[in-house]
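1. Need a 3D model of the following:
(one chain, ligands or ions: 1)
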Amino acid sequence: MANEQIIREVWEVLESRRDNPIDSYTSKIMQDSDKKAEDKILEKVAEEAGEVLIASKNDENLVYESVDLIFHTLLLLVYKGVEIDELFEEFERRRK
Ligand SMILES: N=c1c2ncn([C@@H]3O[C@H](COP(=O)(O)OP(=O)(O)OP(=O)(O)O)[C@@H](O)[C@H]3O)c2ncn1[C@@H]1O[C@H](COP(=O)(O)O)[C@@H](O)[C@H]1O
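-> Model (predicted):
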């Protein structure tokens, strides 16, 4: 069975890529200075949301495209300095 801890692991890697940049996709996008990094990440979130929509309508690659969307949303949250517990707490708060 897959381990849901993976979200926390990826989050931690993203924080490290933000705080100790290396030559990698996520470090580069977060360090971008020509075009504002936030705009670039938001563009990816919008693009990936469109891909989820197409995947659902076509019944093709829905999980794959959803992970792209979730991943870029996590990247945005890390870039904006959100703590992972804020995310989990918000889910908890809504739990009935
Ligand atoms: N989960 C992901 C992940 N999902 C998608 N991507 C990258 O996001 C980029 C854009 O996604 P796209 O679907 O648009 O990519 P594409 O199909 O090549 O299309 P285009 O880029 O041409 O538009 C691609 O380069 C993907 O490789 C990811 N890059 C990194 N991670 C995680 O983030 C961690 C840190 O990544 P690095 O910064 O690369 O070390 C990794 O250890 C992974 O756990």
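
2. Contact residues of the protein facing the ligand?
-> Taking CB under 6 Å from any ligand atom as the criterion, the chain approaches the ligand at residues 10, 13, 17, 24-27, 68, 71. Just so you know, the C-beta spots here come from the backbone N, C-alpha and C atoms, and that holds for glycine as well.

3. Now, those that are in helices?
-> Secondary structure defined by DSSP state H assigns 10, 13, 17, 25-27, 68, 71 of the residues of the chain next to the ligand to helices.

4. got the contact list for residue 71?
-> Residue 71 makes contacts with 10, 48, as judged by CB atoms under 8 Å, 6 or more residues apart in numbering.

5. how does it look with 10 Å?
-> Contacts for residue 71 were tallied using CB atoms under 10 Å, 6 or more residues apart in numbering; they are 7, 10, 14, 26, 44-45, 48.

6. Just the buried subset of the residues you listed, please.
-> By the neighbour-count criterion of 16 or more other CB atoms under 10 Å, the contacts of residue 71 include these buried positions: 10, 14, 26, 44-45, 48.

7. Closest to residue 83 out of those residues?
-> Distance to residue 83, by CB to CB, is smallest for residue 14 among those, at 12.3 Å.

8. Just to check, that closest one is in contact with residue 30?
-> Yes: A contact is recorded between residue 14 and residue 30 when judged using CB atoms under 10 Å, the distance being 8.2 Å.

9. Between the two, which contacts overlap?
-> In contact with both residue 14 and residue 30: 75-76, 78-79, using CB under 10 Å, 6+ apart.
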